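Asks: give me a model of this one.
(chains A and B, ligands or ions: 2)
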Amino acid sequence: MADIILQAQGLTKVYAMGAETVHALKGVSLDVLRGQYVSIMGPSGSGKSTFFNIVGGLDKPTAGEVVMDGQRFGDLNSSQMAWVRCHKVGYIFQSFNLIPSMTALENVAIARIFSGLTPSEARKHAAAVLDQVGLGHRLRHVPSELSGGQQQRVAIARAMVNKPEMILADEPTGNLDLHTGEDIIRLLVALQKERNITVITATHDMKMLAASDVVVWIRDGQIARVAQRDEITIEVGSIDGKTLA
Amino acid sequence: MITMNSQPSIPLQTRVPWSVVFFVSWGSLRRRIFRSLITMIGVVLGIAFLTYMLVNDRMVNSLVAMKDDAVNVLLQKAGVDIFRNGPDTMVLLLIGLSLLTCLAGIINAMLMSVTERIKEIGTLKCLGAEDSFIVKTYFVESSLQGVLGTACGALAGLLVSVAVNAAIYGGVVFSVFPWMAVLKAELIAFLIGSVMSVLASIIPAYWAACKQPVDAMRVEE
Ligand SMILES: Nc1ncnc2c1ncn2[C@@H]1O[C@H](COP(=O)(O)OP(=O)(O)OP(=O)(O)O)[C@@H](O)[C@H]1O
Ligand SMILES: [Mg+2]
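Replies: Residues are numbered from 1 along each chain as shown, chains lettered A, B, ... in the order given. Ligands and ions are numbered 1, 2, ... in the order given. Sure, this is the predicted structure:
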């Protein structure tokens, strides 16, 4: 029995730039099952980030509806949306988006405070999660004292600390070198398996496809193709060439 | 089979208590101490200038009111019209100008300190911050900065003004010191400084907090 956690229903997004309009999404519909690892691929400007921001409740679609766990975003007021962002979704961005004036510990703890904990409880939880992502020894450092990979680990800890059902990661490895990027992906996959979290990531990296349950290709604001895990392995085999030759 | 897991409706987000708002604002002030001081200096200078002009005017007025020949000679030397009846338009103009400079200085300092953090406001919203939390933190932060900066500025302006007048006219300024008028001038400067600091900070913070999170994160610094 499959359980749909997220439904995108005919999402469109139009940006008005003066006299010009940009149709960033032209009717995107997608169902995501609980616990899946979904990769969204597509060329630059195809609408990946726009899609992420809308299904994550960070932006509003021009038309269409997002349904998360049976709740239509359109029916929620701003306080309820804040609750959803706080409890249901963890966000990871390409540029980390940590608060520069806060230490690693405080960056994670602030998210926990929004869920209703006192600062001292929140710090305890934050320290535990930072320890899990391998940063137990960097709690008191501010972002500028951390490497890119470490900053992204803090961001992952921050996204995880409220035990979300879903993680949205928009090119989480985009600002990292190859090796560090792989570490981050491994960490995300491990968390997804361990806690049955739904992960949706955008990526340009073909290597990441192997980790995915579903790959969605977006082109020019529309879904061009959806591939399940078994189809993906075949495709990687044929790209590799050697296994087939 | 595919089922839709239909859940009871989403609760309202938990309100962050004021104690935590205070804690966060204080942390932000302390951690960015250098930046916070620069903002405060903007407020101090603006208010000091305004207070100086106001107190100066009050002190000169009470010297003119003495109608003492020796003092009048000094006043005339300093360029004061001792035969004026009513306020000197030139002085009023200067006070008006100093008020404008003071407002521009405060608004500029506070506005800068918020706009450079609009991206942070977007990030906080992604983590579950409500609009009211954002506005409250900037309210507390700018109140602390504004009140402290204004108090320092009002004191500095007073001291400089007294020192300058004592140097020009001698000890006589203390025998006719216009306590009530000076106190009133200080109060005016203090109110203007505090209110302007808070307004110049929470208006842009509110503007950013009302945006969708991505729109706030996209705002250019
Ligand atoms: N705020 C905005 N205002 C106007 N146009 C926008 C805005 N955001 C995105 N767009 C446009 O919408 C389209 C999709 O952009 P989007 O950022 O979603 O692409 P993307 O797939 O994430 O690209 P990349 O891989 O480079 O991150 C682009 O044509 C872009 O120019
Ligand atoms: Mg993008």
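
Asks: list the contacts of the nearest residue to residue A:214 once chain neighbours are set aside.
Replies: Among residues not flanking residue A:214 along the chain, residue A:38 sits closest, at 4.8 Å (CB to CB, 6 or more residues apart in numbering or on different chains). (Each C-beta comes from the backbone N, C-alpha and C, glycine too.) Counting by CB atoms under 8 Å, 6 or more residues apart in numbering or on different chains, residue A:38 touches A:32, A:198, A:199, A:200, A:201, A:212, A:213, A:214, A:215, A:216.

Asks: the fourth one belongs to a strand?
Replies: Yes - assessed with DSSP: H, G, I helix; E, B strand; the rest coil, residue A:200 lies in a strand.

Asks: for the closest residue to it other than its chain neighbours, helix, strand, or coil?
Replies: The spatially closest residue to residue A:200, leaving aside those adjacent along the chain, is residue A:38, at 4.6 Å (CB to CB, 6+ apart). At residue A:38 the chain is in strand, as set by three-state DSSP.

Asks: could you list every residue that touches residue A:212?
Replies: Contacts of residue A:212 (CB under 8 Å, 6+ apart): A:37, A:38, A:39, A:229, A:232.

Asks: please repeat the previous calculation with a cut-off of 7 Å.
Replies: A:37, A:38, A:39, A:232 (CB atoms under 7 Å, 6 or more residues apart in numbering or on different chains).

Asks: could you count how many residues lie near the first one?
Replies: The tally of other residues near residue A:37 (other CB atoms under 10 Å in any protein chain shown) stands at 22.

Asks: that one contacts residue A:213, doesn't it?
Replies: Yes - Residue A:37 is within contact range of residue A:213, at 5.0 Å (criterion: CB atoms under 7 Å).

Asks: state the distance from the residue nearest to residue A:214 to residue B:62.
Replies: The gap separating residue A:38 from residue B:62 is 78 Å, by CB to CB, to the nearest Å.

Asks: how far away is the residue nearest to the spatial centre of chain A from chain B?
Replies: In chain A, the residue lying closest to the centroid (CA atoms, centre = their mean) is residue A:168, at 1.6 Å. To chain B, residue A:168 is 10 Å away according to CB to the nearest CB, to the nearest Å.

Asks: where does that residue fall, helix, sheet strand or coil?
Replies: With three-state DSSP as the basis, the three-state label of residue A:168 is strand.

Asks: identify the residues contacting it.
Replies: A:52, A:56, A:89, A:91, A:200.

Asks: among those residues, name the ones in helices.
Replies: Judged by DSSP state H, those include residue A:52 as members of helices.

Asks: quick one: the biggest strand by length in chain A near ligand 2?
Replies: In chain A, taking DSSP state E as the definition, the longest strand is strand A:2-17. No - Strand A:2-17 stays clear of ligand 2 (CB under 5 Å from the ion), getting no nearer than 13.0 Å.

Asks: circling back: which one of the contacts of residue A:168 is nearest to ligand 1?
Replies: Closest approach to ligand 1 among these (CB to the nearest ligand atom): residue A:52, at 7.6 Å.

Asks: hang on, residue B:157 in a helix?
Replies: Yes - the assignment for residue B:157 (three-state DSSP) places it in a helix.

Asks: what residues are up against it?
Replies: Taking CB under 7 Å, 6+ apart, one finds B:47, B:48, B:49, B:50, B:51, B:52, B:55, B:189 in contact with residue B:157.

Asks: for whichever residue of chain A sits closest to ligand 2, which three-state class applies?
Replies: Taking CB to the ion as the measure, the point where chain A comes nearest ligand 2 is residue A:49, at 3.1 Å. Residue A:49 falls in the helix class when you classify it by three-state DSSP.

Asks: now stretch A:49-62: mean pLDDT?
Replies: The predicted model assigns stretch A:49-62 a mean pLDDT of 95.

Asks: ugh, wrong one, stretch B:197-217
Replies: 90.

Asks: list the buried residues in that stretch.
Replies: B:197-198, B:200-206, B:208-209, B:211-217 (16 or more other CB atoms under 10 Å in any protein chain shown).

Asks: intersect these with the contacts of chain A.
Replies: B:212, B:213, B:214 (CB under 7 Å from any CB of the partner chain).

Asks: in which helix or strand does residue B:50 reside?
Replies: For residue B:50, the element it lies in under DSSP states H and E is helix B:33-64.

Asks: ok, so of the ones next to chain A among the buried residues of stretch B:197-217, who is nearest residue B:179?
Replies: Nearest to residue B:179, judged by CB to CB, of these is residue B:213 at 53.3 Å.

Asks: distance from stretch A:66-73 to the middle of the chain?
Replies: Its chain's C-alpha centre lies 17 Å from the corresponding centre of stretch A:66-73 when counted by CA atoms, centre = their mean, to the nearest Å.

Asks: same thing with stretch A:129-148?
Replies: 20 Å.
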